[in-house]
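[1] Below are the sequence and a predicted model; questions follow.
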Amino acid sequence: MFGLKNRRRKKISTQPFPPDWLPIVEKNIPRFQALPAEDRRELLKDILIFLAEKNFEGCGGLSLTDEIRVTIAAQACLLLLHRKNDDYPRLQSILVYPHAYRVDGKKVSSGGFIREGPEIRAGESWSRGAVVLSWDDVKKSASDLRDGHNVVLHEFAHQLDQEDGAADGIPVLGERSRYTAWARVLGREYRELVSEIEKGHRTDIDPYGALSPAEFFAVVTECFFEKPAALRRRHPELYRQLRLFYRQDPPS
């Protein structure tokens, strides 16, 4: 079964990238042009595989277009460059709303407080095989490379985290020794963020990351790709762990 999947993916990746899709990537993914030529080729192959294997559904009256599908796939596949991966194996569907959407639920803060009621969300990741996104927020976050926020990178970082079945801020790292360093560095950085927020201090990492280790990993993934120079300067050990995991040094 695994061999069949690999053969199918190899066949898909050798197909020419549709000429109507390339302008979408170039326009909506500004960082694409900053990638080395080899990385651009790898990314385009990953996009072909992603779009062949994942199901997209329009929600809230949204009609899906190639621009929507390609833009989301391109950003999701940025997290896969240089890494041996199974292309988000738990993910089956991407649900896309035209705008931020309302949900009812509970949220537990870093201090243990439970908040109930409606929330407006730009995206979410489900361990049951789906990612939900707001198209407005996808476009906005893709167009600004330096604001430190990208809803697709955030939600697909959650998918990487959930590959082993647990949303705990610890993705599949490979070598056993990597887990010790990851837990030490990210655990310390997470606790420091929580402490600074409890003291009322401003932080250079989004306070949303203090909600849980899982949210911390997703938030620092956004920082790694959107504000790499600042993260490398202020949090060098954290940057190193993310660089080892993603096998990239994003352009500053």
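    Done, it's in. Residues are numbered from 1 along each chain as shown.
[2] residues in contact with Glu237?
    Counting by Cβ atoms under 8 Å, 6 or more residues apart in numbering, Glu237 touches 185, 189. From N, CA and C alone the C-beta is placed, and that goes for glycine too.
[3] Report the secondary structure element holding it.
    Assessed by DSSP states H and E, Glu237 sits inside helix 236-246.
[4] Which positions within that helix qualify as buried?
    238-239, 241-243, 245-246 (16 or more other Cβ atoms under 10 Å).
[5] Tell me which residues touch the most centrally placed residue in the chain, please.
    The residue lying closest to the centre of the chain (Cα atoms, centre = their mean) is Leu153, at 2.5 Å. Contacts for Leu153 (Cβ under 8 Å, 6+ apart) come out as 75, 78-79, 141, 218, 221-222, 225-226.
[6] and what of Val132?
    So Val132 contacts 59, 94-97, 101, 121, 123-126, 155 (Cβ under 8 Å, 6+ apart).
[7] That one belongs to a helix, doesn't it?
    No: counting by DSSP: H, G, I helix; E, B strand; the rest coil, one finds Val132 to be strand, located in no helix.
[8] picking up where we left off before, would you mind checking the contacts of Val132 for buried ones?
    Buried among the contacts of Val132 (16+ other Cβ under 10 Å): 94-97, 101, 121, 123-126, 155.
[9] So for the helix holding Glu237, mean pLDDT?
    Here helix 236-246 scores 97 as its mean pLDDT.
[10] Point out the ones among the contacts of Leu153 that are inside helices.
    Under the assignment DSSP state H, these contribute 75, 78, 141, 218, 221-222, 225-226 to helices.
[11] Just list whatever residues bridge to Asp104.
    For Asp104, the beta-bridge partners under DSSP bridges are Pro118.
[12] thinking it is in contact with Ile120, fair?
    No: judged on Cβ atoms under 8 Å, Asp104 makes no contact with Ile120 at a distance of 11.3 Å.
[13] Grab the nearest non-local neighbour of the residue nearest to the centre of the chain.
    Glu222 (5.3 Å; Cβ to Cβ, 6 or more residues apart in numbering).
[14] residues near that neighbour, how many?
    24 (other Cβ atoms under 10 Å).
[15] Please apply the same query to the one 4 residues further on.
    By other Cβ under 10 Å, the residues close to Glu226 number 20.
[16] Isn't it up against His154?
    No: counting by Cβ under 8 Å, Glu226 does not reach His154; the two are 10.3 Å apart.
[17] sorry, back to before: so which of the buried ones among the contacts of Val132 sit within helices?
    Using DSSP H, these in helices are Glu155.
[18] For Thr65, state which of the buried ones among the contacts of Val132 is nearest.
    Of all the buried ones among the contacts of Val132, Thr65 sits closest to Val96, with 10.0 Å by Cβ to Cβ.
[19] on that earlier part again, same list (the contacts of Val132) but as CSV, adding distance to Ala230.
    As requested, the contacts of Val132 are exported to CSV (distance: Cβ to Cβ, whole Å):
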residue, distance to Ala230
Cys59, 35
Ile94, 30
Leu95, 33
Val96, 31
Tyr97, 31
Tyr101, 31
Arg121, 26
Gly123, 23
Glu124, 27
Ser125, 25
Trp126, 31
Glu155, 22
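[20] In CSV: the residues you listed, plus pLDDT and distance to Pro36.
    Below are those laid out as CSV (pLDDT from 0 to 100; distance: Cβ to Cβ, whole Å):
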residue, pLDDT, distance to Pro36
Cys59, 96, 36
Ile94, 98, 28
Leu95, 97, 33
Val96, 98, 30
Tyr97, 97, 35
Tyr101, 89, 37
Arg121, 89, 35
Gly123, 93, 29
Glu124, 94, 33
Ser125, 95, 29
Trp126, 92, 34
Glu155, 97, 26
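[21] Gly148 is in contact with the residue nearest to Leu153, correct?
    Yes: between Glu222 and Gly148 there is a contact at 6.0 Å, judged by Cβ under 8 Å.
[22] any residues in contact with both of the two?
    Asp206.
[23] all helices of the stretch 1-150 of the chain, in order?
    2-13, 22-28, 37-53, 66-78, 135-143 (DSSP state H, counting those that start in this stretch).
[24] All set now, cheers.
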